[in-house]
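# I need the structure of the sequence given here:
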Amino acid sequence: MCPFRNDLSDLHSKCKYAIVPSKFEALGRVTVEAMLAKNIGIGANTGGTLEIIGENQERGYTYMEGNPESLAEVMLKVIGEDDIKKAGIKEKAQRYALHTYDSQKYAKDLGRIYEEVLTEGSYQGEDLMQFLASRYEEIRNDRWNETQTITLKEHTLRELKE
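Okay, the predicted model is just below:
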């Protein structure tokens, strides 16, 4: 275990893989940071990690949460994978993270949802859940339809300015 550090970007740049063993990684920030640094993510098949990596493991690899043998098997598989396949996963994961987890866009989207909830009336129980679920799908689809591209350098510079 490492003590607190301010140089996580430097550490990520020295790594090839990132293991995210959390049982429940709500927002998945650790996984996203690994993707931005082009580390291959190996995460538990639960919570936000599974959602970020992808159920078909298109942006990393998952193992059965709580099963060390499953983790060991996946680690051996990943290490033995073809370099071209690993490079493709790294690239796809980084593009996904840059496109999906832009903090400014996320804050705007969340603010817009709150504003709609407050201005469109009083939502309660199931109505609120249905409204939020439909808005989530709209926002998710909008993100996939955008043609915005951001290089890692631009993203890093933007993060440093914040």
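# Now the closest residue to Leu132 other than its chain neighbours. Its backbone dihedrals?
Setting aside the residues directly before and after it, Leu132 is nearest to Ile113 in space (CB to CB, 6 or more residues apart in numbering), at 6.9 Å. For every residue, glycine as well, the C-beta is placed using N, CA and C. Dihedral pair for Ile113: phi -60, psi -50, per degrees, to the nearest 10.
# What is the least confident helix or strand in the protein?
Lowest on mean pLDDT, DSSP states H and E among the helices and strands of the chain sits helix 152-161, with a mean of 50.
# wait, isn't the residue nearest to Leu132 in contact with Arg135?
Yes. With contact defined as CB atoms under 8 Å, Ile113 counts as touching Arg135 (5.3 Å).
# Which parts of the protein are strands?
17-20, 40-44, 61-63 (DSSP state E).
# right, so those: which one is the most enclosed?
Of all those, strand 40-44 carries the top mean neighbour count, a mean of 25, counting by mean count of other CB atoms under 10 Å.
# contacting residues around that one?
16-23, 25, 31, 34-35, 49-50, 52-53, 59-66, 71, 74-75, 78, 86, 89-90, 93 (CB atoms under 8 Å, 6 or more residues apart in numbering).
# Over to stretch 18-28?
By CB under 8 Å, 6+ apart, the list of residues contacting stretch 18-28 reads 12, 30-31, 34, 37, 39-44, 46-49, 51-52, 65-66, 71, 75.
# for that stretch, how far is the first residue from the last?
13 Å (CA to CA, to the nearest Å).
# Enumerate the positions of it that are buried.
Ala18, Ile19, Val20, Ser22, Glu25, Gly28 (16 or more other CB atoms under 10 Å).
# With adjacent residues omitted, what lies nearest to the last one?
Nearest residue to Gly28, sequence neighbours excluded (CB to CB, 6+ apart): Gly48, at 3.6 Å.
# For Ala37, see how far away Asp10 is.
Using CB to CB, to the nearest Å, we find Asp10 at a distance of 10 Å from Ala37.
# between these two, who's got more neighbours?
Ala37 (22 against 10; other CB atoms under 10 Å).
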